[in-house]
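[1] missing the sequence, but the structure's below:
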């Protein structure tokens, strides 16, 4: 987390915060208007390079 929070690149989200409660970990990122990353990673099959 420390490394990724200091990386500056236009294609990477900024990490705003993180918390852990028991076995649940929550990471807070900037808002992205094109839907959730979860949808692209687990629901759409193979993501084309153009996206």
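    Everything's here; your move. Computed from a predicted model, the values in this text were never measured in an experiment.
[2] neighbours of residue 8, how many?
    Applying other CB atoms under 10 Å, we find 6 residues neighbouring residue 8. Yep, even glycine has a C-beta here, placed from its N, CA and C like the rest.
[3] for my notes, confirm it occurs in a strand.
    No - counting by DSSP: H, G, I helix; E, B strand; the rest coil, residue 8 is not part of a strand but coil.
[4] average pLDDT for the helix or strand containing residue 25, rounded please.
    Residue 25 is part of strand 24-29 when elements are defined by DSSP states H and E. Across strand 24-29, pLDDT averages out at 89.
[5] which strands or helices does it pack on?
    The contact analysis (3 or more CB pairs under 8 Å, 6 or more residues apart in numbering; DSSP states H and E) places strand 24-29 against strand 15-21.
[6] so what touches the strand holding residue 25?
    Residues from elsewhere that reach strand 24-29, judged by CB atoms under 8 Å, 6 or more residues apart in numbering: 1, 13, 14, 15, 16, 17, 18, 19, 20.
[7] if you rank the residues you listed by neighbours, which is first?
    residue 15 (16 neighbours).
[8] about what we covered before: for the contacts of strand 24-29, give me CSV that also has pLDDT.
    Output for the contacts of strand 24-29, formatted as CSV (pLDDT from 0 to 100):
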residue, pLDDT
1, 56
13, 78
14, 79
15, 82
16, 85
17, 88
18, 88
19, 92
20, 92
